[in-house]
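Undergrad: coordinates only, sequence not included:
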């Protein structure tokens, strides 16, 4: 379940009443859930003073909202806080577990509360992208009538994973991972809070230990608070205090888990950053994104394919050896496998990032493709046609002189000016980068001979 400090499966709860008491059996992350907008950590880009979402909450003027972002960034918590701030009932469903009958039951309950108590209901649906089209469509008429105020949460980009009619009726807000400084504030708050946290229990935490938890949580506040709770509950007291030092913190959080979805935003964003770093000639950035993908379990063959593409698209004729290096890395990986197979991938990454760049061949093909698709199709000149075709043309009385093909290897320099394309169109314009500079010199020499005919 998503959200900083709550479980989205809590149903039939009114935030104002739920926030008044704390269940000591709940995990620390649940107990420390924010009760007001001011307690929400981070997300200044949407909750800062004067920002649209902050204004909408304070004025109680919103209809449907969709929050998306990585786990632990506060999507569920924010929905809970909004309900609490506006005095609304809070009803929660989950996209994995809930069905159409449950949606209709919640909507009917909302009607009853509106009629009898004049109280609005916020219907929160976690993992909204897991609802099928029929389930999402059930919501639409009730959202339009104002029967419920819908808030959805998803780790996937809603523009791709949520039905367009629902997206068009909602305001979309993206939540970002918390910074280490923002997570650190939450850890200090949990240690100081006597009602919900560990205040008054004699917990002494070294700043280095808290900073370690904040950094290793990787933007996930729930992960940091869970690690802190584990550290406090499993560390023996020393002279009446629980001392959390760096060693304890390291054991409590262990290795961080990279947020990385195999077919979602993280997958596409990271490979995009990887290729753009190669294109931008930054080997350090390219190696970082490569390391992130390998650590997160990305399919290495996918990385190898993208290296081969980049070798032709971005380096191209400025260094044709780049394609050989990329293909060799792909073949080496197939031969070696993991873990050592990551080494040739790194080899190819650094080579491509530091190679001279040219997309001239790629751009030339694009221009030619546009002409083929959009312009009049050119006929093959008679002198370039097959011998059989030329014999047929001669038999019909055509001028055979016009069909004479000049064999380049019969001439000095293996070149003789003749037309290979009607209308003299040009697509390939070589750069002066790397080895392509020599290609440009040769091509300029040949083109001048053709133009001088």
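TA: Perfect, thanks for sending it. Predicted model, so just to flag it, every value in this text is computed and none were measured.

Undergrad: what about the strands in the stretch 51-200 of the chain?
TA: Using DSSP state E, counting those that start in this stretch, the strands found in the stretch 51-200 of the chain span residues 65-68, 89-94, 121-126, 149-154, 171-174.

Undergrad: Format those strands as JSON lines; extra columns: mean neighbour count and distance to residue 293.
TA: Where you see a C-beta, it was placed from the backbone N, CA and C, and this is true even at glycine. What follows is those, written out as JSON lines (neighbours: other CB atoms under 10 Å; distance: least, CB to CB, whole Å):
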{"stretch": "strand 65-68", "mean neighbour count": "26", "distance to residue 293": "22"}
{"stretch": "strand 89-94", "mean neighbour count": "24", "distance to residue 293": "30"}
{"stretch": "strand 121-126", "mean neighbour count": "26", "distance to residue 293": "28"}
{"stretch": "strand 149-154", "mean neighbour count": "26", "distance to residue 293": "23"}
{"stretch": "strand 171-174", "mean neighbour count": "16", "distance to residue 293": "22"}
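
Undergrad: okay if I get these as TSV plus distance to residue 322 and mean pLDDT?
TA: Putting the strands of the stretch 51-200 of the chain into TSV (distance: least, CB to CB, whole Å; pLDDT from 0 to 100) gives the following:
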stretch	distance to residue 322	mean pLDDT
strand 65-68	37	93
strand 89-94	48	89
strand 121-126	46	91
strand 149-154	39	92
strand 171-174	36	92
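
Undergrad: quick one, what contacts the residue nearest the centre of the chain?
TA: Centrality entry for the chain: nearest residue to the mean C-alpha point is residue 265, 2.4 Å, by CA atoms, centre = their mean. Counting by CB atoms under 8 Å, 6 or more residues apart in numbering, residue 265 makes contact with 156, 157.

Undergrad: could you redo the last one with a cut-off of 10 Å?
TA: For residue 265, the contacting residues are 68, 69, 70, 155, 156, 157, 160, 161, 174, 259, taking CB atoms under 10 Å, 6 or more residues apart in numbering as the criterion.

Undergrad: where's the dip in pLDDT among the residues you listed?
TA: Going through these one by one, the lowest pLDDT turns up at residue 259, 63.

Undergrad: least trustworthy helix or strand in the chain by mean pLDDT?
TA: Ranked by mean pLDDT, DSSP states H and E, the weakest helix or strand in the chain is helix 15-18, scoring a mean of 43.

Undergrad: Surely residue 67 touches residue 156?
TA: No: between residue 67 and residue 156 there is no contact, the gap being 11.8 Å when judged by CB atoms under 10 Å.

Undergrad: follow-up on the earlier one: and the contacts of residue 265, which two are furthest apart?
TA: Farthest apart among the contacts of residue 265 by CB to CB are 160 and 259. That separation is 17.7 Å.

Undergrad: Could you work out the end-to-end span of stretch 115-130 for me?
TA: 31 Å (CA to CA, to the nearest Å).

Undergrad: Measure how far that stretch is from the centre of its chain, please.
TA: Between the mean C-alpha point of stretch 115-130 and the mean C-alpha point of its chain there is a distance of 28 Å (CA atoms, centre = their mean, to the nearest Å).

Undergrad: Common neighbours of residue 67 and residue 156, please.
TA: Common contact partners of residue 67 and residue 156 (CB under 10 Å, 6+ apart): residue 128.

Undergrad: pretty sure residue 138 is touching residue 105, no?
TA: No: between residue 138 and residue 105 there is no contact, the gap being 11.3 Å when judged by CB under 10 Å.

Undergrad: Quick check: neighbours shared by these two?
TA: The contact lists of residue 138 and residue 105 share residue 99, where a contact means CB under 10 Å, 6+ apart.

Undergrad: just for the protein, where's the confidence low?
TA: Per-residue confidence for the chain (pLDDT under 70) gives these ranges: 1-22, 255-263, 387-403, 452-453.

Undergrad: Could you list the domains of the protein?
TA: As assigned by automatic domain parsing, the chain contains the domains 15-174, 180-253, 265-354, 379-451.

Undergrad: Please name whichever of the ones you listed is nearest to residue 365.
TA: Closest approach to residue 365 among the domains of the chain is made by domain 379-451 (7.6 Å; CB to CB).
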